[in-house]
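Colleague: what shape does this take:
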Amino acid sequence: MQMANRQKGMTGIGWLTVLGLIAFFTLLALKMVPSYLEYYKVASSLEKLTKETGLAEVTPIEIRKALSRQFDIGYVNVITPGDVKVKPSGSFYQVTAKYDDRVHLFANVDVVMSYNKSVKVTR
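Modeller: Here you go, the predicted structure:
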């Protein structure tokens, strides 16, 4: 009974386990957050297409030119305007950016994140 009263706190191995888990999740966050931020730049570029009235003619080529300008402004490097699919669908174009981003963590361990954003641009 007296032993149980004197045992308080974590052992050294317990602390190392907790610190190892904190380090691992910090590494994950530091590696993955830039990819998510770049996805939000791609998504906002696509959303700006729906509000942009400066397109002289709404054609797939003009849509890709507008995306190229937005990608240059936002420093988007993971996808190019040529990778974006522009499909005619009735009275609008369906513009879809679907891509995977691979982030190297350590040794032979990578994280693959799949992104998919689609908007409708009126003709």
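Colleague: what about the longest helix in the protein?
Modeller: helix 12-51 (DSSP state H).
Colleague: just want the angle from the helix or strand just after that one to helix 12-51.
Modeller: Remark: after helix 12-51, the chain's next helix or strand is helix 60-74, criterion DSSP states H and E. With axes from the mean of the first three to the mean of the last three C-alpha atoms, to 10 degrees applied, the angle from helix 60-74 to helix 12-51 works out at 140 degrees.
Colleague: just the buried positions in helix 60-74, please.
Modeller: Taking 16 or more other C-beta atoms under 10 Å as the neighbour-count basis, helix 60-74 is seen to contain the buried residues 62-64, 66-68, 70-71, 74. Backbone N, C-alpha and C define where each C-beta goes, glycine included.
Colleague: gap between that helix and the chain center?
Modeller: Remark: helix 60-74 is offset 18 Å from the chain centroid, using C-alpha atoms, centre = their mean, to the nearest Å.
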